[in-house]
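>>> Build me a model:
(one chain, ligands or ions: 2)
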Amino acid sequence: MWWRDAVLYQVYVRSFADSNGDGIGDLAGLTARLDYLEWLGVDALWLNPTFPSPDADWGYDVSDYYGVHPDFGTLADLDRLVTEAVRRGIRVLLDLVPNHTSERHPWFRVEHRDWYVWADEPTNWRAVFGGPAWAWDEREGRWYLHSFLPEMPDLNWHEPGVRAEFERILRFWFDRGVAGFRIDVVHRTVKDLRLRDAAGRGRVQRFPPTDVPGTHELIRAWRRLADEYEPPRLLVGETYVLDVHEMATFYGADADELQLAFNFPFLHASLRAAELRRIVELTERALPEAAWPVWTLSNHDHVRFPTRICDGDERRARCALLALLALRGTPVLYYGDELGLEQGPTPEPPLDRARPSRDGCRTPMPWDERPPAVTWLPNGDLSRNVAAQLKDPDSVLRLCRDLIGLRRELAAAPYETLSTGPGIWAWRRGGATVAVNLSARPAHVRPVEGVVRVSTDRSRDGEHVSGRLRLEPWSGAVVG
Ligand code: GLC
Ligand code: CA
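Numbers count the residues shown, from 1 in each chain. Ligands and ions are numbered 1, 2, ... in the order given. Below is the predicted model of the structure:
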């Protein structure tokens, strides 16, 4: 179970590093940056979809599950990335999109129209990206279901042919050495196809209804397949639910479903001690015995965390990163998180048709103060760049690297909340104490004994603490 000790790093390939001067990040560009990722100490990469796609939804509308997007390179480039990553002890996860394909996928165009969801009369269901969830198809004289954009018809998972094809897809990539998949909207993959109007009134209540037992059964089948491999392949699900108990169900009652289910309540939380602590405690209680939490602050769908929950205050971003990297569970860093990168601008017109605000969290990775080679989106703040932060011993980047290093020592130690005053969140992991002061007033945490291993402002590193730890406003430390 290598992923329990791992730090995952999410790469939005299109924005990370360009190797051939076309302004679009690609696999060779990413391969050329592996030394950096090795230095940072991450154990696995999750790449946003790398498959050929017309890009109605930037790769999430897949037109060939067995290939590589021509913008990103070739299958040989992907194989090379995997080989080079493995040489550095880094595994590669891809992004599987089973809920829908592109309308331009040959299955939808001609080959397997019966693999999609059709209706003679539309229901009142709504698409996640707004508008009705049904689109008219002239050729069939019927409506097809699309949970997202009309260019993304939903697959019908009650069709045995779809199941068999995706097992082939999983094996194809696992056989090539891909370490696992992040699975897109996994919690809604199998639909309840009793085509009846939704009674609910809210947007969410009118999303196409899910066949819950069917979805769990499908995940179990994928897990059995993943477990056939050595080492077992990792399934990380985009379980986009806001209830921690519901999230926990995707690990499977017998730990036979996803090995990791993304924790969206945590991602949606504000940077308040009581709120974060509540979600973490709830998660610790809700997860089945054998399950392992996964924590993330940013991804390609949300405003970057330093902007969203830290008010652009770097001290707060440091506290958030310290907490992320010191919790029990697998942390996922979104590229740029390690620099404290903020949300970038939204171009006019936006490139993301579905949700324009997402452009700003997908801006080019700033490698140095010069404008990045990636130009498909405008840049965010270039002053927060890798080269500058490498040079600066007090940088956010160095803090992240040191925390990743320290994490290994905390290993599997359980999480145990330490009771504190308001605004403070503190916990023990084995012999270590982790504390963040998420308030504007100085605070004390006790009892704490040991040496400050890493502090957010770095000035406290090495300090001996006996009895009580004083924390300045918006600061934190790991003591052990
Ligand atoms: C997931 C992805 C998002 C995409 C959507 C449709 O939520 O994270 O980027 O737009 O699914 O595939
Ligand atoms: Ca390129």
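
>>> List the residues that contact Val374.
14-18, 23-25, 364-365 (C-beta atoms under 8 Å, 6 or more residues apart in numbering). From N, CA and C alone the C-beta is placed, and that goes for glycine too.

>>> Please disregard the earlier target; I meant Ile169.
When contacts are counted by C-beta under 8 Å, 6+ apart, Ile169 touches 65-66, 96.

>>> and what of Thr123?
For Thr123, the contacting residues are 133-134, 195-198, by C-beta under 8 Å, 6+ apart.

>>> Would you verify that it is located in a strand?
No. Under DSSP: H, G, I helix; E, B strand; the rest coil, Thr123 sits outside any strand and is assigned coil.

>>> tell me the SS of Ser387?
If you look again at residue 387, you'll see it is Ala, not Ser. helix.

>>> Is the nearest residue to it once chain neighbours are set aside in a helix, a strand, or coil?
Computed as C-beta to C-beta, 6 or more residues apart in numbering, the closest residue to Ala387 that is not its neighbour in sequence is Asp368, at 3.8 Å. Applying three-state DSSP to Asp368 yields a three-state assignment of coil.

>>> Return the list of helices and strands in contact with the lengthiest strand in the chain.
Criterion DSSP state E: the longest strand present in the chain is strand 443-455. If contacts are counted by 3 or more C-beta pairs under 8 Å, 6 or more residues apart in numbering; DSSP states H and E, strand 443-455 sits against helix 396-410, strand 424-429, strand 432-437, strand 464-471, strand 475-479.

>>> and the residue of the stretch 1-150 of the chain nearest ligand 1?
Per C-beta to the nearest ligand atom, Tyr60 is where the stretch 1-150 of the chain lies closest to ligand 1, at 3.4 Å.

>>> domain parsing for this structure?
2-101+159-412, 413-480 (automatic domain parsing).

>>> okay, the ones you listed in TSV with distance to Trp115 and mean pLDDT next?
Below are the domains of the chain laid out as TSV (distance: least, C-beta to C-beta, whole Å; pLDDT from 0 to 100):
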stretch	distance to Trp115	mean pLDDT
domain 2-101+159-412	5	97
domain 413-480	44	97
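
>>> Tabulate those domains (CSV), appending distance to Pro122.
Shown next, in CSV, are the domains of the chain (distance: least, C-beta to C-beta, whole Å):
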stretch, distance to Pro122
domain 2-101+159-412, 9
domain 413-480, 47
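
>>> And the ones you listed: which comes nearest ligand 2?
domain 2-101+159-412 (3.9 Å; C-beta to the ion).

>>> how close does Leu418 sit to Val162?
From Leu418 across to Val162, the span is 49 Å (C-beta to C-beta, to the nearest Å).

>>> So which of these two has more stuff around it?
Set side by side, Leu418 and Val162 show more neighbours around Val162, with 21 against 16, by other C-beta atoms under 10 Å.

>>> quick revisit: which stretch among the helices and strands packed on strand 443-455 comes nearest ligand 1?
Comparing those under C-beta to the nearest ligand atom, the one sitting nearest is helix 396-410, at 23.3 Å.

>>> Pull that closest one out as CSV, backbone CA atoms only.
Extracted in CSV, the C-alpha atoms of helix 396-410 (Å, rounded to 0.1, in the frame of the first residue of the first chain):
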residue,chain,number,x,y,z
VAL,A,396,7.0,28.3,0.7
LEU,A,397,8.6,25.8,-1.6
ARG,A,398,11.3,24.9,0.9
LEU,A,399,8.7,24.7,3.6
CYS,A,400,6.7,22.2,1.6
ARG,A,401,9.8,20.1,0.8
ASP,A,402,10.8,20.0,4.5
LEU,A,403,7.3,19.1,5.5
ILE,A,404,7.2,16.3,3.0
GLY,A,405,10.5,15.0,4.4
LEU,A,406,9.2,15.2,7.9
ARG,A,407,6.0,13.4,7.0
ARG,A,408,7.9,10.1,6.5
GLU,A,409,8.7,10.1,10.2
LEU,A,410,5.1,10.5,11.2
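
>>> and the angle for that helix with strand 475-479?
30 degrees (axes from the mean of the first three to the mean of the last three C-alpha atoms, to 10 degrees).

>>> What is whichever helix or strand comes after helix 396-410 packed up against?
Downstream of helix 396-410, the next assigned helix or strand under DSSP states H and E is strand 415-418. Contacts defined by 3+ C-beta pairs under 8 Å, 6+ apart place strand 415-418 against helix 273-286, strand 424-429.

>>> Reduced to three states, what does the residue in the stretch 351-480 of the chain that ligand 1 sits nearest to come out as?
When scored by C-beta to the nearest ligand atom, the stretch 351-480 of the chain has Ala354 as its residue closest to ligand 1, at 5.9 Å. At Ala354 the chain is in coil, as set by three-state DSSP.

>>> Contact partners for it?
Ala354 neighbours (C-beta under 8 Å, 6+ apart): 57, 129, 148-149.

>>> pLDDT check: weakest of these?
Across these, the bottom pLDDT score, 95, is held by Phe129.

>>> hang on, isn't it packed against Glu151?
No. Contact criterion C-beta atoms under 8 Å: Phe129 and Glu151 do not qualify, at 10.4 Å.

>>> Show me which of these two is the more surrounded one.
Glu151 (20 against 16).

>>> The more buried one and Glu103 touch, don't they?
Yes. Counting by C-beta under 8 Å, Glu151 does reach Glu103; the two are 4.9 Å apart.

>>> can you list residues touching both of these two?
Asp61.

>>> Identify the bridge partners of Leu469.
Listed beta-bridge partners, Leu469: Val445 (assigned using DSSP bridges).

>>> ok now do the residue sitting nearest the centre point of the chain, which residues does it touch?
Among the residues of the chain, the one closest to the centroid is Asn299, at 5.2 Å (C-alpha atoms, centre = their mean). By C-beta under 8 Å, 6+ apart, the contact list for Asn299 reads 10, 267, 332, 334, 361.

>>> And for the residue nearest to Ala387, the neighbour number?
12.

>>> wait, it sits on Arg384?
No. The pair Asp368 and Arg384 does not pass the contact test of C-beta under 8 Å, sitting 11.0 Å apart.

>>> show me where the stretch 251-400 of the chain has helices.
Counting by DSSP state H, counting those that start in this stretch, one finds helices in the stretch 251-400 of the chain at the ranges 264-268, 273-286, 305-308, 314-326, 386-391, 396-410.

>>> Might you enumerate the residues of the stretch 101-250 of the chain proximal to ligand 1?
Residues of the stretch 101-250 of the chain lying near ligand 1 by C-beta under 6 Å from any ligand atom: 148, 184-185, 238.

>>> CSV for the residues you listed, including distance to ligand 2?
Shown next, in CSV, are these (distance: C-beta to the ion, whole Å):
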residue, distance to ligand 2
Phe148, 26
Asp184, 24
Val185, 28
Glu238, 26
